[in-house]
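Engineer: the following block contains a protein sequence and its predicted model.
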Amino acid sequence: MAPRTLSSTWKQFEKLGKRYEGSPTRKKADVEALDDLSRRINSSKIVDAIATLFVQKHQGMEGARIEFVTSSRGKYPDWATSYSSEENVIHINPIGIFRFYRECQESVRSLKTSVARENFRTYRYQAYLAELRKLPTEHLLFLQVLKEVAKARQITQAEKRGGGLEESEDDSYMVLLWAFKELENLFAETTGLSLRSEYTISWYESDWFLGQ
């Protein structure tokens, strides 16, 4: 049997995830198969590789781990990724990643509504998601992991003039912006290619956003 890789495992997650999300009855067999796949990837070296490449090189995250979640009574969390500072673990919810991908796809339609145009931050965020929809779901997995790194390191906080810290008013957008820049740099280092060119992503605001 060929050694398990993230790409081959993620394809299995995609196949099972589409079946799970496409069924209104949430078949028990699909849930069990997804949970079994999460347990298998957690016992492999894949989670260590993700942690090494995307998490542990960042200051304050050196000992952090990666863990794929399983269902609770046949249901998965609403979030795609979540960081536990107590456990020092970034949890990954594959179903949440696919839901985020769907949100990115639906953003194209959302941009055409009057509601999206009423608020600049809302419109900018939806426009950014529309660009991110061009990425494969495996890359969105990496993006979500890096988003948790950004949140854990509090990269959106700025020092007030009179002392203390204040949070950015657009945290959800800024952490994804930082995560994309990090993913872009790693993609160039490992492949020698441009992430934006490969997937025709036209979003250049991250050029000036360097994080900490």
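Structural biologist: That came in fine, so what should we check first?

Engineer: quick one: the strands in the protein, in order.
Structural biologist: Remark: strands assigned in the chain by DSSP state E are 65-68, 81-84, 89-92, 157-159, 165-167.

Engineer: and for the lengthiest helix in the chain, what's in contact with it?
Structural biologist: Across the chain, the longest stretch assigned as helix under DSSP state H is helix 171-191. The contact list for helix 171-191 (C-beta atoms under 8 Å, 6 or more residues apart in numbering) reads 53-54, 121, 124-125, 128, 132, 139, 142-144, 146-147, 149-151, 155-156, 168, 193-196, 198, 203, 205-206, 209-211. All C-beta atoms are positioned from the backbone trio N, CA, C, and that covers glycine.

Engineer: got the contact list for the closest residue to Ser38 other than its chain neighbours?
Structural biologist: Nearest non-adjacent residue to Ser38, counting by C-beta to C-beta, 6 or more residues apart in numbering: Phe68, 4.0 Å away. Phe68 makes contacts with 38, 41-42, 47, 91-94, as judged by C-beta under 8 Å, 6+ apart.

Engineer: so Phe68 bridges to which residues?
Structural biologist: Listed by DSSP bridges, the beta-bridge partners for Phe68 are Ile92.

Engineer: how close does it sit to Leu129?
Structural biologist: Plainly put, Phe68 is 24 Å away from Leu129 if you go by C-beta to C-beta, to the nearest Å.

Engineer: returning to what we had before: weed out the non-buried ones from the contacts of helix 171-191.
Structural biologist: Buried residues within the contacts of helix 171-191, defined by neighbour count using 16 or more other C-beta atoms under 10 Å: 54, 125, 128, 132, 139, 142-144, 146-147, 149-151, 155-156, 195-196, 206, 211.

Engineer: how about the CA coordinates for the longest helix of the chain, as PDB?
Structural biologist: This file holds the C-alpha atoms of helix 171-191, laid out as PDB (Å, rounded to 0.1, in the frame of the first residue of the first chain):
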ATOM      1  CA  ASP A 171     -10.300  41.400  12.300                       C
ATOM      2  CA  SER A 172     -11.800  38.700  10.100                       C
ATOM      3  CA  TYR A 173     -10.500  40.300   6.900                       C
ATOM      4  CA  MET A 174      -7.000  41.200   8.300                       C
ATOM      5  CA  VAL A 175      -6.200  37.700   9.600                       C
ATOM      6  CA  LEU A 176      -7.000  36.200   6.300                       C
ATOM      7  CA  LEU A 177      -5.000  38.800   4.500                       C
ATOM      8  CA  TRP A 178      -2.000  38.000   6.700                       C
ATOM      9  CA  ALA A 179      -2.600  34.200   6.200                       C
ATOM     10  CA  PHE A 180      -2.600  34.700   2.400                       C
ATOM     11  CA  LYS A 181       0.700  36.500   2.400                       C
ATOM     12  CA  GLU A 182       2.300  33.800   4.500                       C
ATOM     13  CA  LEU A 183       0.800  31.100   2.200                       C
ATOM     14  CA  GLU A 184       2.100  33.000  -0.800                       C
ATOM     15  CA  ASN A 185       5.600  33.200   0.500                       C
ATOM     16  CA  LEU A 186       5.700  29.500   1.400                       C
ATOM     17  CA  PHE A 187       4.300  28.500  -2.000                       C
ATOM     18  CA  ALA A 188       7.100  30.500  -3.700                       C
ATOM     19  CA  GLU A 189       9.700  28.900  -1.500                       C
ATOM     20  CA  THR A 190       8.600  25.300  -2.100                       C
ATOM     21  CA  THR A 191       7.600  25.500  -5.800                       C
END
